[in-house]
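*Asks:* Make a model of this:
(one chain, ligands or ions: 2)
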Amino acid sequence: MSTIGIRGTFFDFVDDPWKHVGNEQAAARFHQDGLLVVADGIIKDFGPHAEVAPRHPGLAVTHIQDRIIVPGFIDGHIHLPQTRILGAYGEQLLPWLQMWVYPEELKYRDRDYAREGVRRFLDALLASGTTTCQAFTSSAPVATEELFDEAARRNMRVISGLTGIDRNAPAEFIDTPENFYNDSKRLIAQYHNKGRNLYAITPRFAFGASPALLEACRRLKHEHPDCWVNTHISENPAECRGVVQEHPDCQDYLGVYEKFGLVGPKFSGGHGVYLSDSEFRRMSKAGAAVVFCPCSNLFLGSGLFRLGRATDPEHRVKIAFGTDMGGGNRFSMIHVLDDAYKVGMCNNTMLDGSIDPVRKDVAEAERNKLSPYRGFWSVTLGGAEALYIDDKLGNFAVGKEADFVALDVNGGPIAQPWHQSLIADGRGPQTMDEAASQLFGVMMVGDDRAVDETWVMGKRLYKKA
Ligand code: GUN
Ligand code: ZN
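*Replies:* Ligands and ions are numbered 1, 2, ... in the order given. Predicted coordinates:
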């Protein structure tokens with residue numbers, strides 16, 4: 001067994017900061033001088049260095065200085081085969097899919113093309129501090145195989161699955177429900193729970209799924225109840241109208257997935273911009289998750305996700321955050337936090353400058369505000385809880401997988417002026433609030449250049465040049 005120690009300044013979470021309004025520190029943990037002990041990739045001990053070190057005499061320790069070490073980021077919604085169309089110009093969701101996405105994803109039938117795309121995709125994630133993702137692939141199995149194979153070589157935890165579509169896309173891109181079922185079965189047998197790979201039954205979205213395809217998903221979930229279900233939901237007005245037309249017997253967008261028995265724990269729907277109060281409540285009751293993708297919702301002009309409504313304590317919906325890259329124009333969860341903060345602020349004001357009567361609720365307006373505690377919880381432990389992988393990762397609890405990121409708060413485009421002035425002598429954060437303040441600087445002013453090192457299962461896989 002190989003046991004190592006990592007010494008440095010650590011910041012992680014033990015609870016949901018939205019549950020601790022006015023005292024978010026109660027949800028977090030900070031060790032100015034901490035020690036993380038890792039054996040064969042698993043956390044064996046964690047705490048203040050002065051307490052933990054004497055329990056491990058002779059431990060080989062790597063000291064990461066002048067950094068804040070946080071759990072690896074979790075991207076709850078991203079598209080592997082859109083890596084090469086990042087930043088595609090000019091369209092909203094449905095024409096953007098037709099013009100850019102389907103033609104590009106079609107190329108992933110070619111194994112070499114897919115393999116190179118996967119390599120660049122995982123490199124970009126690691127350089128962004130993202131150690132776990134839930135990823136869409138494409139409608140042909142090659143991309144899914146290549147992603148799982150390369151993730152296994154890197155020992156990264158990935159949730160993914162063949163991405164099914166049988167309607168409203170070019171004929172050469174769509175598949176039949178029978179093929180989707182058979183290919184998914186084979187891929188589940190080959191990859192699910194092998195190493196760190198987890199399988200998500202993945203109907204692309206209700207607008208691209210016939211009842212027969214969704215029926216195949218129901219069967220797959222019934223036969224493999226421990227698999228995840230990943231899809232899109234209520235992202236864009238034209239898409240939502242299309243879903244009503246495609247599935248006229250369903251009361252709303254969520255109702256389509258409910259009809260086929262897909263909504264429950266381990267279900268996640270990306271975006272949820274147009275979810276009604278009723279849909280939020282039903283998702284809350286079911287233990288299903290929505291994935292907030294602010295970069296994408298802004299880039300594709302989809303709309304403003306109602307963060308304060310989704311975090312209503314009476315009907316709390318599980319929420320992961322995601323890039324939705326290439327719908328999102330960044331790989332970095334730091335950018336996601338930046339845009340999420342701004343969406344939250346805009347949510348409290350109508351575009352004409354008046355206060356939205358629906359959002360006059362003071363408590364809801366407060367919940368729209370993305371403090372650094374809420375933000376960094378959402379991309380670590382909160383995302384893990386939403387995806388039902390918090391038994392494996394998300395914080396530095398003993399027994400979890402040692403995926404983490406060393407952040408350089410000065411690594412962004414400029415020194416963060418007022419946050420740095422709080423710690424004028426450059427000695428690094430001494431208290432939890434000082435650390436949170438610096439992390440807010442990272443999320444609003446920084447970018448992936450703040451990611452200095454990324455570690456997966458106790459191994460450093462990325463170091464900034
Ligand atoms: N809905 C169906 N497919 C997609 C996709 O690739 N990206 C986004 N943002 N929404 C989708
Ligand atoms: Zn998406």
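*Asks:* Any residues of the stretch 301-450 of the chain in contact with ligand 1? List them.
*Replies:* Residues of the stretch 301-450 of the chain found near ligand 1 (CB under 6 Å from any ligand atom) are 324, 327. Glycine gets a C-beta too; all of them are placed from N, C-alpha and C.
*Asks:* all helices for the stretch 301-450 of the chain, in order.
*Replies:* 307-310, 333-347, 362-367, 372-378, 381-386, 417-422, 432-445 (DSSP state H, counting those that start in this stretch).
*Asks:* Now the stretch 201-350 of the chain against ligand 1: closest residue?
*Replies:* residue 327 (3.0 Å; CB to the nearest ligand atom).
*Asks:* Surely that residue is in contact with residue 82?
*Replies:* Yes. Using CB atoms under 8 Å, residue 327 is in contact with residue 82, at 7.4 Å.
*Asks:* Of these two, which one has the most company?
*Replies:* More crowded of residue 327 and residue 82, by other CB atoms under 10 Å: residue 327, with 31 against 22.
*Asks:* just to revisit the earlier point, let me know which of the helices of the stretch 301-450 of the chain is the nearest to residue 171.
*Replies:* helix 333-347 (34.7 Å; CB to CB).
*Asks:* I would like the residues contacting the closest one, please.
*Replies:* Identification of contacts with helix 333-347 by CB atoms under 8 Å, 6 or more residues apart in numbering yields 73-75, 128-130, 292-295, 297-298, 304-308, 321-323, 328, 330, 356, 359, 365, 368-370, 375-376, 378-379, 442-444, 446-448, 450-451.
*Asks:* Pull up the residues of the stretch 51-200 of the chain that are close to ligand 1.
*Replies:* Counting by CB under 6 Å from any ligand atom, the stretch 51-200 of the chain sits next to ligand 1 at 79, 93, 97, 101.
*Asks:* Now do the same contact list for the first one.
*Replies:* With contacts defined as CB under 8 Å, 6+ apart, the neighbours of residue 79 are 101, 135-136, 324-327.
*Asks:* now the chain, which segments are flagged as low pLDDT?
*Replies:* Low-confidence segments of the chain, defined by pLDDT under 70: 350-360, 414-426.
*Asks:* which two in the contacts of residue 79 are spaced the farthest apart?
*Replies:* By the measure CB to CB, 101 and 135 form the most distant pair in those, at 14.4 Å.
*Asks:* Just want to know which of those two has more residues nearby.
*Replies:* Remark: of residue 101 and residue 135, residue 135 carries more neighbours, 31 against 22, as counted by other CB under 10 Å.
*Asks:* Give me the phi and psi for that one.
*Replies:* phi -120, psi 140 (degrees, to the nearest 10).
*Asks:* Now it. Nearest residue, chain neighbours left out?
*Replies:* Excluding the flanking residues, the one nearest residue 135 by CB to CB, 6 or more residues apart in numbering is residue 160, at 4.5 Å.
*Asks:* How much space separates the one you found from ligand 1?
*Replies:* To ligand 1, residue 160 is 14 Å away according to CB to the nearest ligand atom, to the nearest Å.
*Asks:* Now that residue: which helix or strand?
*Replies:* Using DSSP states H and E, residue 160 falls within strand 157-161.
*Asks:* now swap in residue 33 and tell me
*Replies:* strand 28-39.
*Asks:* Who are the packing partners of the next helix or strand after that strand?
*Replies:* For strand 28-39, the following helix or strand on the C-terminal side (DSSP H and E) is strand 42-48. With contacts defined as 3 or more CB pairs under 8 Å, 6 or more residues apart in numbering; DSSP states H and E, the packing partners of strand 42-48 are strand 28-39.
*Asks:* Distance to residue 213 and mean neighbour count added to the helices of the stretch 301-450 of the chain, as CSV?
*Replies:* Listed next are the helices of the stretch 301-450 of the chain as CSV, based on distance: least, CB to CB, whole Å; neighbours: other CB atoms under 10 Å:
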stretch, distance to residue 213, mean neighbour count
helix 307-310, 28, 22
helix 333-347, 30, 23
helix 362-367, 36, 16
helix 372-378, 31, 27
helix 381-386, 25, 27
helix 417-422, 49, 13
helix 432-445, 38, 22
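*Asks:* With distance to residue 268 added, can I get those in a markdown table?
*Replies:* Converted to a markdown table, the helices of the stretch 301-450 of the chain look like this (distance: least, CB to CB, whole Å):
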| stretch | distance to residue 268 |
| --- | --- |
| helix 307-310 | 13 |
| helix 333-347 | 15 |
| helix 362-367 | 20 |
| helix 372-378 | 14 |
| helix 381-386 | 7 |
| helix 417-422 | 33 |
| helix 432-445 | 23 |
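*Asks:* Do any residues in stretch 271-279 lie close to ligand 1?
*Replies:* No. Stretch 271-279 does not reach ligand 1 (CB under 6 Å from any ligand atom); its nearest approach is 6.8 Å.
*Asks:* Endpoints of that stretch, how far apart?
*Replies:* Taking CA to CA, to the nearest Å, stretch 271-279 runs 13 Å from one end to the other.
*Asks:* Mind listing residues that contact stretch 220-230?
*Replies:* Counting by CB under 8 Å, 6+ apart, 77, 134, 136, 159, 161, 181, 184-185, 188, 192-193, 198-203, 217, 257, 261-262, 266-268, 270, 387-388 sit against stretch 220-230.
*Asks:* Narrow these to those that are buried.
*Replies:* Among the contacts of stretch 220-230, those classed as buried by 16 or more other CB atoms under 10 Å are 77, 134, 136, 159, 161, 181, 184-185, 188, 192, 198-203, 217, 257, 262, 266-268, 270, 387-388.
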